[in-house]
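Novice: what follows is a predicted structure for the sequence shown.
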Amino acid sequence: MTATTPPPPPTASIVVPTYREAANLPELVERIAAAMAGAGLPYELIIVDDASGDGTAAVVRRAAAAGHPVRLLERTTERGLSSAVAAGFRAARGDVLVCLDADLSHPPERIPDLLREVRERGAEFAIGSRYVPGGSTAEAWGPFRRLNSRAATLLARPFTRARDPMAGFFALPRRVFAAASPWLDPVGYKIGLELLVKGNCRRVVEVPIHFAERQRGQSKLSLREQLNYLRHLYKLARFRLRHRRPR
């Protein structure tokens with residue numbers, strides 16, 4: 001019997017929170033695989049699903065059977081994008097943690113660039129950014145959506161000078177997540193901003209991306225989530241006042 005060589009430990013753990021995104025996952029898995037193969041980096045892909053009931057589990061099983069390093073973390077008693085990302089990060093094994101959306105709005109091809117900023121250049125937080133030179137958003141974005149995004153970014157200005165702190169596409173070292181983890185109290189969908197603040201991130205880098213329009217499925221952004229964002233900002237302000245740390 002020939003002994004099999006165990007796969008190398010993952011350099012990166014890529015966490016994708018999902019709710020009814022099964023239609024997007026096959027393409028996402030393949031694009032992540034191509035990007036990481038090109039970078040020559042071992043990785044794991046963790047799909048954190050909030051009991052979608054849309055076949056997500058079957059899609060992940062097929063991808064794993066095809067040889068992709070993907071696994072499913074299915075939640076049945078908790079909901080929410082931010083808490084799903086936190087759960088995925090806690091289950092991760094990689095030294096660098098990556099988050100991106102399942103709807104293909106974030107380009108997986110840029111994951112190696114985020115990893116390079118963290119692994120080689122010492123970034124404590126690397127953002128796939130729409131709002132730095134070279135970044136862009138889909139033309140289908142209307143004036144109201146653009147204004148809404150800019151207003152949300154402006155409201156976050158007291159907490160960070162990053163141009164796109166609302167981004168859901170980011171990477172950070174495991175140690176930064178570990179430092180922030182005891183304080184995490186995620187509300188809504190802006191886990192990146194929470195990690196920036198509670199991880200006390202100083203070296204923040206923004207990598208330009210093109211933010212694409214969703215092609216399949218439905219957006220989960222709602223008025224309720226926008227109100228949750230205001231609650232989130234209030235809670236972050238209270239945290240900052242109670243836990244002032246040298247920068």
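Specialist: That came through fine.

Novice: lowest-confidence helix or strand of the protein?
Specialist: Every helix and strand of the chain was ranked by mean pLDDT, DSSP states H and E. The lowest is helix 143-155, at a mean of 71.

Novice: so after that one, what's the next helix or strand?
Specialist: Proceeding N to C from helix 143-155, the next assigned helix or strand is strand 170-173, under DSSP states H and E.

Novice: contact partners of that next one?
Specialist: By C-beta atoms under 8 Å, 6 or more residues apart in numbering, the residues outside strand 170-173 that reach it are 12, 95-99, 111, 114-115, 117-118, 123-128, 192, 195, 199, 201. Using the backbone N, CA and C atoms, a C-beta is placed for each residue, glycine as well.

Novice: next step: those residues restricted to helices.
Specialist: 111, 114, 115, 117, 118, 192, 195 (DSSP state H).

Novice: returning to that earlier point: filter the contacts of strand 170-173 to the buried ones?
Specialist: Buried members of the contacts of strand 170-173, scored by 16 or more other C-beta atoms under 10 Å, are 12, 95-99, 111, 114-115, 117-118, 123-128, 192, 195, 199, 201.

Novice: settle this for me: residue 167 is touching residue 127, isn't it.
Specialist: Yes - using C-beta atoms under 8 Å, residue 167 is in contact with residue 127, at 4.9 Å.

Novice: show me what counts as buried in stretch 84-102.
Specialist: Buried, per 16+ other C-beta under 10 Å, within stretch 84-102: 84-89, 92, 94-102.

Novice: how long is that stretch end to end?
Specialist: Stretch 84-102 has an end-to-end distance of 13 Å (criterion: C-alpha to C-alpha, to the nearest Å).

Novice: so how far is that stretch from its chain's centroid?
Specialist: For stretch 84-102, the gap between its own C-alpha mean and the chain's C-alpha mean amounts to 7 Å (C-alpha atoms, centre = their mean, to the nearest Å).

Novice: what about that stretch, average pLDDT?
Specialist: Averaged across stretch 84-102, pLDDT comes to 96.

Novice: show residues contacting stretch 174-190.
Specialist: So stretch 174-190 is contacted by 80-83, 85-86, 89-90, 92, 94-97, 124-125, 165-166, 168, 194-195, 198-201, 220-221, 225, 228-229, 231-232, 235, 239, 243 (C-beta under 8 Å, 6+ apart).

Novice: now do the strands in this protein.
Specialist: Secondary structure of the chain (DSSP state E): strands located at 12-18, 43-49, 70-74, 96-99, 125-129, 136-137, 170-173, 204-208, 210-211.

Novice: out of those strands, which is closest to residue 106?
Specialist: Taking C-beta to C-beta, strand 125-129 is the member of the strands of the chain nearest to residue 106, at 5.9 Å.

Novice: and the closest one, what does it pack onto?
Specialist: helix 111-119, strand 170-173, helix 191-198, strand 204-208 (3 or more C-beta pairs under 8 Å, 6 or more residues apart in numbering; DSSP states H and E).

Novice: go again using 7 Å as the cut-off
Specialist: helix 111-119, strand 170-173, strand 204-208 (3 or more C-beta pairs under 7 Å, 6 or more residues apart in numbering; DSSP states H and E).

Novice: using CSV, write out every CA atom in the longest one.
Specialist: What that stands for is helix 111-119. Taking C-alpha atoms only, helix 111-119 is exported to CSV below (Å, rounded to 0.1, in the frame of the first residue of the first chain):
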residue,chain,number,x,y,z
ILE,A,111,-7.5,37.4,-3.9
PRO,A,112,-3.8,36.8,-4.6
ASP,A,113,-3.2,40.6,-4.5
LEU,A,114,-4.9,40.9,-1.1
LEU,A,115,-2.8,38.0,0.2
ARG,A,116,0.4,39.5,-1.1
GLU,A,117,-0.3,42.7,0.8
VAL,A,118,-0.8,40.8,4.1
ARG,A,119,1.8,38.0,3.7
